[in-house]
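Engineer: here's my sequence, what's the structure:
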Amino acid sequence: MKKIFAQLVLILRKVGVLRYGVKKYKYTSAKDMPAEALMDNVYDAKKDLITKEDLKKLSPREKGEKH
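Structural biologist: Residues are numbered from 1 along each chain as shown. Alright, predicted model coming up:
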């Protein structure tokens, strides 16, 4: 049951329904600034944003390709 709940929370975060966390950054220049510092309601870019790795994890059917 916990695994299903964790997967549900992950999906809700990726689609932008669920956001939580605290922002705190320490960087020396704008080049070092993390992407989430520039976006509202993004607390952890790896968890909140859809990445290339997330797209690679999709099965062919989920990508819309024919079998």
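
Engineer: list the buried ones in stretch 3-10?
Structural biologist: For stretch 3-10, a neighbour-count test (16 or more other CB atoms under 10 Å) marks nothing as buried. Where you see a C-beta, it was placed from the backbone N, CA and C, and this is true even at glycine.

Engineer: now stretch 6-26
Structural biologist: By neighbour count, with 16+ other CB under 10 Å as the criterion, the buried positions of stretch 6-26 are residue 13.

Engineer: and the closest residue to residue 35 other than its chain neighbours, what does it touch?
Structural biologist: Sequence neighbours aside, residue 45 is the residue nearest to residue 35 in space, at 5.0 Å (criterion: CB to CB, 6 or more residues apart in numbering). For residue 45, the contacting residues are 34, 35, 36, taking CB atoms under 8 Å, 6 or more residues apart in numbering as the criterion.

Engineer: ok, those vs residue 26, which is closest?
Structural biologist: Among these, residue 34 lies closest to residue 26 (CB to CB), at 10.3 Å.

Engineer: do you know the pLDDT at the closest one?
Structural biologist: The predicted local confidence for residue 34 comes out at a pLDDT of 78.
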